[in-house]
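> 3D model of this:
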Amino acid sequence: MKRDIWDPAVYERYAGERSRPFFDLIARVNPAAPRSVVDLGCGTGELTATLCRRWPAATVRGVDSSPAMIEKAPPGPAFEVGDLRDWRPPRPVDVIVSNAALQWVPEHRDLLDRWVGYLEPEGWLAFQVPGNFHSPSHALIRELCRTKWRDELGDLARDAPVGEPVDYLRRLVALGCAVDAWETTYVHVLPGENAVLNWVKGTALRPMLGRLSPDRQVAFLADCARVLGEAYPREPYGTAFPFRRIFVVAHL
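Reported below is the predicted structural model:
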């Protein structure tokens, strides 16, 4: 059985900052009267539950591969544990949402083609992914994995797994969609010590930490804290953490 590497408590440490892109994405999704809405890669489901309030007449479902995340899901939507790569609806749906999940799926471009095929004739597909894989928060971790830690973590040093906004626009337009694609760089101000390390512990570092023993985790996190602390110095007001995100909204 595949090990669940996700820790809801760590992931939710910066829940406010992580939720803002979701609401910026959903604000541009405007179906007339959706009956079925699906959130793929829904995490702990708090954001999925807001879709029930946005479209109260719709049936809302959330799917995530992590049992630990689904266990934290609130009432309202119907939740299930499942791999978004294997998801197939029993009938066409009106809205498919995926928030900060597709970066974990190397073949997600082909997956988008399939999802468009699952939409109702006037259906909507909306997703956002991190676009900061060339920033120090990721580049420095890749460098660690490829040098000092290469024997244990070298294969986890991923280059940018996502495309640019225009790449997704071209692909989805070719499928007959009207597409709104854009990017935003949020400058989060994070409190406390090792703020950027604490952020990436909930996301980018999960595969690395899931592979290491407890003692090796301590050593690896110490190396990460050193390089990230130099790249993102703490100021009296907190730590400024620029975070680029890529958004795509497509509809038939």
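
> Any stretches of the protein with poor pLDDT?
The model of the chain has pLDDT under 70 over residues 1-13.

> At the geometric centre of it, which residue do we find?
The centre of the chain sits closest to A100, judged by C-alpha atoms, centre = their mean, with a distance of 1.6 Å.

> does it really touch L40, like I thought?
No. Using C-beta atoms under 8 Å, A100 is not in contact with L40, being 11.2 Å away. Every residue, glycine included, has its C-beta placed from N, CA and C.

> How many residues are close by W149?
21 (other C-beta atoms under 10 Å).

> That one and P214, how far apart?
W149 sits 16 Å away from P214, going by C-beta to C-beta, to the nearest Å.

> do the same with P121
Distance of P121 to P214, computed by C-beta to C-beta: 53 Å.

> What segments of the stretch 1-150 of the chain are helices?
Under the criterion DSSP state H, counting those that start in this stretch, the stretch 1-150 of the chain contains helices at 8-11, 15-26, 46-54, 67-71, 108-117, 136-146, 150-153.

> Which positions in the fourth one come out as buried?
In other words, helix 67-71. Burial within helix 67-71, assessed by neighbour count using 16 or more other C-beta atoms under 10 Å, is assigned to 68-70.

> The longest one now?
Within helix 15-26, the residues that qualify as buried are 18, 21-22, 25-26, counting by 16+ other C-beta under 10 Å.

> any residues touching that helix, and which ones?
Outside helix 15-26, the residues that touch it by C-beta atoms under 8 Å, 6 or more residues apart in numbering are 11-12, 46-47, 50-51, 54, 97, 99-100, 126-128, 184, 186, 188, 190, 243, 245, 247, 249.
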